[in-house]
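Trainee: Quick check, what structure comes out for this input:
(one chain, ligands or ions: 1)
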Amino acid sequence: QKETTILSIKKAEKPVVIDKNIYGHFAEHLGRCIYGGFFVGDTSKIPNTRGVRNDIIAALKELKIPNLRWPGGCFADTYHWKDGVGPQEKRPTIVNTWWGGVTEDNSFGTHDFLNLCEELGAQPYLSGNVGSGTVQELADWVQYTNFSGKSPMSDLRKANGRTEPWKVKFWGIGNEAWGCGGNMTPEYYAGEYRKFATFMSDWENTGGLTRIASGANGSDYNWTEVLMKNIPLNMLGGVGVHHYAVINWSKKGDAVDFNEDGYFKTMTSALKMEEYVTKHAAIMDKYDPEKKVAMMVDEWGAWYEVQQGTNPGFLYQQNTMRDAVLAGSTLNIFNNHADRVRMANLAQCVNVLQAVILTDKAKMILTPTYHIMKMYRVHQDAELLPIDFKSPEYTFEGKTLPAISASASKDKSGLVHISLVNIDAKKENKIEIDLAELGLKNVTATILTSKKLQDYNSFDKPNAIEPKEFKGFKNAKGKLEVSIPAFSVVVLEGK
Ligand code: AHR
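Mentor: Okay, the predicted model is just below:
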């Protein structure tokens, strides 16, 4: 058996750009994502801008986050946006029925979210309420956020302190309509979608609203088929897909205390993304061969048991090297399918599921997944370079997974980036990149790895896992030989 894998990177015949929105995030009114996470209120001692923590803003700017999805998730189909605008003392309290049954005082609302997106330089992605909301309510939200002329909703916005519209482009029409969004059949939802979408006028010249259908759960290909068949393409900007990496929904396993069996199962579930994206894309191709409609994987990430002693409805979990490897592999899948996948949203941004940021009172830490997002930001809006290679296998108890995942791109300045993940829990893998066609020189590299897969950044040791310079490669006669350590992620850069 040959020990070295040959990887050849070609110039694409037909250029495909990796949409920066693949590097999107998600913030739901769930647990400590918004309240006690992003939002501490403007009277907090924690330095903040209009109530949002400055350290979180700075960390997300560093990631160049392109978009942020809000307010859910399942919460979105219970959310009535008018509850969250206007004077605080007049805002009603509601119960967050999906997430812990906690009381929500609506102190973080539309203005807070859209102003935050402006501050971050990120596009807002609003999830509209279809399950328990009305067509009028969603149409009003569009008018409220996007119309600059005189109208009932723009007058209300102005009365609430904001003159200029925000011009929100991305609009989800419901969330998980097959489940928490209303337990609908795809046929019924397609009808609802058409009705809601009709009244969401493009109030401003946003270049057209991107209306996004609530998509399939993992391998539910019938869902995508029915939506593509029944919704006119000119009403459809994107179709969602949700897939969480989970060992078993009834026994999800601990986020930190896991063995190789748990790791292998998590990665098996995560790498299913390749098959799901490929098959949903094939269905979309049938109805939309020109690929006008985007696939938007607007929820993805790892889902474990909540950290012991925390509220089971708050979905708080730690984040280890397993999550970093998972994020690197998944982002490579999205990059390689950039012709169709044009948005993705990691669930979720702060303190929930596979978070990039965790907070504990005034403290904040960046997780290994954060560092992957930072290392991969170089792919945003760069041209995809197709890769051809056959991965070696990662074998565990007779079962196998591809050990290496890779994607490559060339940015506007001509810099080439190659992101490589070795998921093998025990074995280093060697690859050889043929540089002839790219003519790469002056290669440098960064690595994220650690001693143990179970390692993580804690509030006591916030920098235990950080990207480091990587020297495990050499240029030998036009070939770049790279030795990728077990469970590590490497990004190479060259010109
Ligand atoms: O991200 C947590 C939840 O997972 C979301 O609210 C829902 O859409 C999905 O089931």
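
Trainee: What is the longest helix along the chain packed up against?
Mentor: Counting residues, the longest helix found in the chain (DSSP state H) is helix 260-287. In this structure, helix 260-287 packs against helix 221-230, strand 238-245, strand 294-302, helix 321-336, strand 393-396, strand 399-402, with contacts taken as 3 or more Cβ pairs under 8 Å, 6 or more residues apart in numbering; DSSP states H and E. In this view, the C-beta of every residue, glycine as well, is placed from N, C-alpha and C.

Trainee: hey, C-alpha coordinates of the third one in CSV?
Mentor: Extracted in CSV, the C-alpha atoms of strand 294-302 (Å, rounded to 0.1, in the frame of the first residue of the first chain):
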residue,chain,number,x,y,z
ALA,A,294,-28.9,28.4,-3.5
MET,A,295,-28.6,25.6,-1.0
MET,A,296,-28.3,27.1,2.4
VAL,A,297,-27.2,24.7,5.2
ASP,A,298,-28.6,27.2,7.7
GLU,A,299,-28.0,24.9,10.7
TRP,A,300,-25.0,22.6,11.2
GLY,A,301,-22.6,21.5,13.9
ALA,A,302,-22.1,19.0,16.7
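
Trainee: between it and helix 321-336, how many degrees?
Mentor: Put simply, strand 294-302 runs at 170 degrees to helix 321-336, going by axes from the mean of the first three to the mean of the last three Cα atoms, to 10 degrees.

Trainee: Okay, helices next: where are they in the chain?
Mentor: Going by DSSP H, the chain shows helices at 54-63, 110-120, 135-146, 152-159, 186-198, 221-230, 260-287, 321-336, 368-376.

Trainee: burial measure for whatever residue of the chain ends up closest to the ligand, as a count.
Mentor: Of all residues in the chain, the one sitting closest to the ligand is residue 73 (2.8 Å; Cβ to the nearest ligand atom). Neighbour count of residue 73, defined by other Cβ atoms under 10 Å: 29.

Trainee: How is the chain divided into domains?
Mentor: Following automatic domain parsing, the chain resolves into domains at 4-10+386-494, 20-381.

Trainee: picking up where we left off before, so of the helices of the chain, which one's packed in deepest?
Mentor: Scoring these by mean neighbour count under mean count of other Cβ atoms under 10 Å gives helix 321-336 as the most buried, with a mean of 27.

Trainee: Can I get that helix as CSV, trimmed to CA atoms?
Mentor: Taking C-alpha atoms only, helix 321-336 is exported to CSV below (Å, rounded to 0.1, in the frame of the first residue of the first chain):
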residue,chain,number,x,y,z
MET,A,321,-10.3,19.3,19.1
ARG,A,322,-13.0,16.9,17.9
ASP,A,323,-15.2,19.9,17.1
ALA,A,324,-12.3,21.6,15.3
VAL,A,325,-11.7,18.6,13.1
LEU,A,326,-15.4,18.4,12.4
ALA,A,327,-15.6,22.1,11.5
GLY,A,328,-12.6,21.9,9.2
SER,A,329,-14.0,18.8,7.4
THR,A,330,-17.5,20.3,7.0
LEU,A,331,-16.3,23.6,5.7
ASN,A,332,-14.2,21.7,3.1
ILE,A,333,-17.4,19.9,2.0
PHE,A,334,-19.2,23.3,1.6
ASN,A,335,-16.3,24.8,-0.2
ASN,A,336,-16.1,22.0,-2.7
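
Trainee: quick one, it and strand 238-245 angle?
Mentor: 150 degrees.

Trainee: what helices or strands is helix 321-336 leaning on?
Mentor: helix 260-287, strand 294-302, strand 341-346, helix 368-376, strand 404-410, strand 416-422, strand 444-448, strand 488-494.

Trainee: Quick one: work out the angle between the one helix or strand in the chain whose mean pLDDT sits lowest and strand 416-422.
Mentor: The weakest-scoring helix or strand in the chain, judged by mean pLDDT, DSSP states H and E, is strand 4-9 (a mean of 82). Counting by the same axes, to 10 degrees, strand 4-9 points 150 degrees away from the direction of strand 416-422.

Trainee: chain center to strand 4-9: distance?
Mentor: 29 Å (Cα atoms, centre = their mean, to the nearest Å).

Trainee: show me what contacts residue 314?
Mentor: 30, 31, 32, 99, 100, 306, 351, 352 (Cβ atoms under 8 Å, 6 or more residues apart in numbering).

Trainee: That one and residue 107, how far apart?
Mentor: For residue 314, the distance to residue 107 equals 18 Å [Cβ to Cβ, to the nearest Å].

Trainee: ok so, going back, lowest average pLDDT across the domains of the chain?
Mentor: Lowest mean pLDDT of these: domain 4-10+386-494, a mean of 93.

Trainee: can you count the residues close to the residue nearest to residue 65 when sequence neighbours are not counted?
Mentor: Distances taken as Cβ to Cβ, 6 or more residues apart in numbering place residue 122 nearest to residue 65, at 4.9 Å, with adjacent residues excluded. Residues within reach of residue 122, counting by other Cβ under 10 Å, total 21.
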